[in-house]
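S.K.: Build me a model from this:
(one chain, ligands or ions: 2)
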Amino acid sequence: MSSQHNHATVSHELSLGQYFDNIKTAVITTFKGMMITLKYVYGVRPVTIEYPEVKEELPEISRSRLYNDAENCISCLQCASACPVDCIYISANRRATDAPALKTKDGTAIKLDLTMYTIDTALCCYCGLCTTVCPTSCLTHTTDYEYASYTVDQMKYDYLAPEVRAWRTRIVKD
Ligand code: SF4
Ligand code: SF4
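M.R.: Ligands and ions are numbered 1, 2, ... in the order given. The predicted model follows:
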């Protein structure tokens, strides 16, 4: 018994023209890719910086580390009332009637002695509502962003404590 097989043959051979076209395409596409790479290496502003040796200035409107300039706080509680997460803790005593008159830098009378002003920034969502309602603008979001802490407790800031008040010269722009 005999059988006959028919094989369809497909040619994978390139013509000379196709061969050189392929080389040309490879060179052109490699060149295009390298131009994009070189543009980012030499041609455009770098998108990274050598932090912490080089530091970016955040825009003035940034909502970063909170600071209360307690000497200009009138203990009105508006910030605490506005805070959606209740992370501002304030207490104050009425000033004695014969105590010398005190005013904030914008001329508002200070009728209460602030005895506690603490913000638990571990809870803060940086919404900015507290700073928006502050009538004397003593509570502000600074542009300071270098305040990572090792523990959650360290993120609770007592703005009457000398070490926290000392941040003022460094982080508050008058
Ligand atoms: S920014 Fe923080 S502290 Fe101020 S209102 Fe929002 S959550 Fe409260
Ligand atoms: S709103 Fe301003 S002035 Fe009033 S308690 Fe808060 S920080 Fe002080």
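
S.K.: mind checking which helix or strand of the chain has the lowest mean pLDDT?
M.R.: Lowest by mean pLDDT, DSSP states H and E among the helices and strands of the chain is helix 168-171, with a mean of 91.

S.K.: Select the longest strand from the protein.
M.R.: For the chain, the strand with the greatest residue count under DSSP state E is strand 112-120.

S.K.: Check whether it comes near ligand 1.
M.R.: Yes - applying C-beta under 6 Å from any ligand atom, one finds strand 112-120 touching ligand 1 at residue 119. Backbone N, C-alpha and C define where each C-beta goes, glycine included.

S.K.: which parts of the next helix or strand after that strand are buried?
M.R.: Downstream of strand 112-120, the next assigned helix or strand under DSSP states H and E is helix 129-133. Residues 130-131 are the ones in helix 129-133 that count as buried (16 or more other C-beta atoms under 10 Å).

S.K.: Going forward, count from 858.
M.R.: Sure, I'll start numbering at 858, so the last one becomes helix 986-990.

S.K.: So the helix or strand just after helix 986-990, near ligand 2 or not?
M.R.: Downstream of helix 986-990, the next assigned helix or strand under DSSP H and E is strand 996-998. Yes - using C-beta under 6 Å from any ligand atom, strand 996-998 reaches ligand 2 at residue 996.

S.K.: how distant is strand 996-998 from the center of its chain?
M.R.: A distance of 15 Å separates the centroid of the chain from that of strand 996-998, by C-alpha atoms, centre = their mean, to the nearest Å.

S.K.: on contacts alone, who are the packing partners of that strand?
M.R.: With contacts defined as 3 or more C-beta pairs under 8 Å, 6 or more residues apart in numbering; DSSP states H and E, strand 996-998 has these neighbours: strand 923-925, helix 986-990.
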